[in-house]
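>>> Sequence and computational prediction follow.
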Amino acid sequence: MGGRGGGSPGRSAGDWRDQTEVTNLGFSVRRPIPALDQKRLDQVTKALREAILDRVGYNEWAGISNLRDRLSAKGFTVGEQDAGIKALAVQPKVLLIPIANLKSLTRDDFRSAVFLGNEFKHAMMIER
C-alpha cells in the first residue's frame, strides 16, 4: 500500500505540517509515537480535550488537522500530539475514527492522521 512506512524521528519541533510526509498518493506516513513522562502527557491530553470541546463541543466530530493547529499553537510537537491522541482515545466516551470517504479529505487531513488500530484516524469526538 502506498505511503505506509517508517517516519522520520529526527525532525525538529515546529508546525506539524513540516513534520509529516505525504506520498504522491496522498496517504500519510506512519510516525512512531514517543513515550512521554506522565506530567507532559497529562498536559497534552488536557489541551487536546479543551481543543475538542472549544472547537465543536460534546457529541460532535472534530477533525484531527484542526486539533493539531491548536496544539501546535500551544507548543506541542507532533510526537507529543500523537501520544496525547493515543492516550485520550482509550479513555471512556472518547471516539477516534477514520473518514471512509477519502475523496473528502484534504492534504492536511491526510498529514494530520494518526495511525492507530492498523488504520489512519482523522476525527475525534467526546461523548457527554
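Everything's here; your move. Numbering: from 1, shown residues only.

>>> all helices of this protein, in order?
Assigned by DSSP state H, the chain shows helices spanning 38-55, 64-73, 78-89, 107-112.

>>> what comes up buried for the longest one?
Read that as helix 38-55. Residues Leu41, Gln43, Val44, Thr45, Ala47, Leu48, Arg49, Ala51, Ile52, Arg55 are the ones in helix 38-55 that count as buried (16 or more other CB atoms under 10 Å). C-beta here means a position set from N, CA and C on the backbone, and glycine is covered the same way.

>>> picking that back up, got the helices of the chain as a markdown table, with mean pLDDT columns?
Compiled in a markdown table, the helices of the chain are given as follows (pLDDT from 0 to 100):
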| stretch | mean pLDDT |
| --- | --- |
| helix 38-55 | 96 |
| helix 64-73 | 96 |
| helix 78-89 | 94 |
| helix 107-112 | 90 |
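
>>> Quick check: which of those is nearest to Asn118?
helix 78-89 (13.5 Å; CB to CB).

>>> Show me what that closest one is packed against.
When contacts are defined as 3 or more CB pairs under 8 Å, 6 or more residues apart in numbering; DSSP states H and E, helix 78-89 sits against helix 38-55, helix 64-73, strand 94-97, strand 114-116, strand 123-126.
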